[in-house]
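Trainee: Let me see the structure of the following:
(one chain, ligands or ions: 2)
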Amino acid sequence: MRLAAVVLAAGKGTRMKSGLPKVLHRVCGRPMVEHVLLAVRKIGVQKTVLVVGHQGDLVAELVGDKAETAYQAEQLGTAHALLQCRDALKNFNGDIMVVCGDTPLLRHQTLSQLHTEHSRSGSAATVLTAVLNDPAGYGRVIRNTAGGIMKIVEQKDAAPAELAVSEINTGVYCFKAEGLFEALSEIRSDNAQGEYYLTDIIEYYIARGESVGAVIAGDAAEIMGINDRCQLAVAEKVLRRRILDRLMMSGVAVMDPASTFIDDTVHIGADSIIYPFTFIEGKSKIGENCTIGPSSRLFNATLGCRVNVQNSVIVESRVADGCNIGPFAYIRPGCVLEKDAKVGDFVELKNSRLGEGSKVPHLSYVGDAEVGRGSNIGAGTITCNYDGENKWRTKIGEHAFIGSNTNLVAPVVVGDGSITGAGSTITKDVPPGALGVARDKQRNIEGWAKRKKISVKID
Ligand code: UD1
Ligand code: CA
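Mentor: Numbering: from 1, shown residues only. Ligands and ions are numbered 1, 2, ... in the order given. Sure, this is the predicted structure:
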C-alpha cells in the first residue's frame, strides 16, 4: 500500500518559553523534528509533507528538499494543520500517516507496526496509543465496554472519570487518504481551547459507521511528546542512553554512560574507549582504537585511529592517526594534525597545520601557523599572529627546532632544519639550517647580591 507521511510542526510551543520554534529544539544534537523525519524516512514513505507555520521559514530550511512543506498561517489546531496538506496530497491515494514534530523518541519500528496493523484491519483510521502511569497532559483514549475505541478527549475537555483513564493518544495516526480531507473540513472548534482538534476525527468516523482501530505502543517511553524544557531534558536522557547502547553494541567502550554525552550524529569506530565526563558533539567522527577523555569535549572533530585525547577540547579540526592530545589542550577551529603529531599540556592551537610527527609538548600558543613534519616547538613558544589589526601567518619548515620561550612575530618563516635560541623574539625569517638568536647577551656582575644586602638562605 502506498504511504505518505505528514509531520505537524507549525506550533510555537508556548510552554518552551523560547524564541526558537519548539520543533527546532535539539535532542542529542538534532532538532526534534529531524528525529521524527528520520524515523518516517526509514519506514519507506513515498512522500513526506511537513506542516510549518510559526517561524515556518526557519523550520522549512532545516528539511530543505528532503520533504515538501505546507504552510499553516494561523495555528488553529492539529486538524486545521493537517487540512493544510490537502493540495500537497490531492492526488495521493493510499494511506497517510500523521506524526507530531515534537515526539523525537519514536522509533521507526513502532511506526511500521502501526502501518502494518492499519493495512491488515482496513480501518479508516488507526491510532497509536500508550498506557502511562502518569497520563497528565495527553488526550485520553475512551473505549466502549466491548473494548472498541470511541473517542479521544483532550485533558482540558475531560470529565473526572475520563481523566482517570491511563491510555493516551500518542498523536500518531494512520488514515486512509480517501475521504480524509472531507472529514477534516467537518471538524468544529467548540472545545475548551477553541481549536480544531485532529482527535475529533475519531468520533466523526465512528458516527458515520467507519471502523477505527488502535495499536498500543509496547514501549511507553518512546511516545513522549515534548511540550516544555523539563520534558526535553527527560527525552535527552532517554535518547542519550539509546545512542550509547548502539555505540556499545558496535564495539565502543563507554566507561560510564551516566557521564558521557554523545550526539546522535557522531560516528565512533570499534575498540575506542570513552572515559567519563566526555562530550562528543555535532558531526564528530572518531576512528578505531582511540581513547577519549576523561573530561574532554569534541565538536565537529574528525579523528583517525589510535588517537589519545585527555582533558582537552577539540573544535572543528582534523586529527590524523596516532596523535596524542592533552591533557589540557585547546584545539580551536581550522587545525589539521598530521599523523603521530603531539599537542601536549596547556597548549592552544588555532587555524594551524602540524606536520607528521611534529610536537608542541607544553605551554604554547600556535595560531595561523604551518609547521612541517618532524619539528619540535619548545615550551612557552608563542606565535605573535595579531598586530591589533590583522592576523599574520607563521611558517615553520620540516625538522625545525624552536627553542623554549621563543616569540615568533608573524609574518615570519623559519626554514627547514633551522633552530631558534631559547628566549628569542624572532622578527626576521630564519634561513634553512641556520640558528636564529635574538636576545640580549648575559652579563654576570660579581658581588652584586652582597652589595645590595640580599641574602640567599640555604637550609
Ligand atoms: C496533541 C493531541 C493529544 C496527544 C498529544 C501527544 C490534539 C488536539 N491533541 O496534544 O491528544 O495526546 O498531542 O503528544 O491533537 N501543531 C500544528 N498546528 C497547530 C497545532 C499544533 O502544526 O495548529 C503541531 C505542533 O507543532 C506539534 C503537534 O502539532 O508538533 C502537536 O501539538 P501540541 O500543541 O503539542 O499538541 P498537544 O497539546 O500536545
Ligand atoms: Ca505535544
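
Trainee: ok but residue 206 is inside a helix, no?
Mentor: Yes - assessed with DSSP: H, G, I helix; E, B strand; the rest coil, residue 206 lies in a helix.

Trainee: check contacts around it.
Mentor: Residue 206 makes contact with 149, 150, 151, 212 under the criterion C-beta atoms under 8 Å, 6 or more residues apart in numbering. Every residue, glycine included, has its C-beta placed from N, CA and C.

Trainee: Check residue 259 too.
Mentor: Residues in contact with residue 259 (C-beta under 8 Å, 6+ apart) are 276, 277, 278.

Trainee: let's see 10 Å
Mentor: 274, 275, 276, 277, 278, 279, 293, 294, 295 (C-beta atoms under 10 Å, 6 or more residues apart in numbering).

Trainee: go on, residue 203?
Mentor: So, once contact is read as C-beta under 10 Å, 6+ apart, residue 203 ends up touching 142, 149, 150, 151, 152, 153, 187, 197, 212.

Trainee: Which of the three states applies to it?
Mentor: When the rule is three-state DSSP, residue 203 gets the label helix.

Trainee: That one and ligand 1, how far apart?
Mentor: 12 Å (C-beta to the nearest ligand atom, to the nearest Å).

Trainee: how close does that residue sit to residue 434?
Mentor: 89 Å (C-beta to C-beta, to the nearest Å).

Trainee: Intersect the contacts of residue 259 with the contacts of ligand 1.
Mentor: The subset of the contacts of residue 259 within reach of ligand 1, by C-beta under 6 Å from any ligand atom, is empty.

Trainee: Tell me the first helix or strand C-terminal of the helix or strand harbouring residue 97.
Mentor: Under the criterion of DSSP states H and E, residue 97 resides in strand 95-100. Moving toward the C-terminus from strand 95-100, the next helix or strand (DSSP H and E) is helix 108-121.

Trainee: Of the contacts of residue 259, which belong to helices?
Mentor: The helices, defined by DSSP state H, take in nothing from the contacts of residue 259.

Trainee: Can you tell me which of these are buried?
Mentor: 274, 275, 278, 279, 293, 294, 295 (16 or more other C-beta atoms under 10 Å).

Trainee: Was I right to think residue 216 contacts residue 130?
Mentor: Yes - counting by C-beta atoms under 10 Å, residue 216 touches residue 130, with 6.5 Å between them.

Trainee: rewinding a little: by neighbours, which of the contacts of residue 203 wins?
Mentor: Tallying neighbours with other C-beta atoms under 10 Å puts residue 152 at the head of the contacts of residue 203, with 29 neighbours.

Trainee: tell me the contacts of the residue nearest to that residue when sequence neighbours are not counted?
Mentor: Excluding the flanking residues, the one nearest residue 152 by C-beta to C-beta, 6 or more residues apart in numbering is residue 199, at 3.8 Å. Residue 199 is in contact with 77-79, 127, 139-141, 151-154, 157, 169, 171, 173, 187, 191, counting by C-beta under 10 Å, 6+ apart.

Trainee: still on that earlier bit, in CSV, list the buried ones among the contacts of residue 259 along with distance to residue 429 and pLDDT.
Mentor: As requested, the buried ones among the contacts of residue 259 are arranged in CSV below (distance: C-beta to C-beta, whole Å; pLDDT from 0 to 100):
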residue, distance to residue 429, pLDDT
274, 44, 98
275, 43, 98
278, 42, 98
279, 41, 98
293, 41, 98
294, 42, 98
295, 40, 98
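
Trainee: among these, which are in strands?
Mentor: 274, 278, 279 (DSSP state E).
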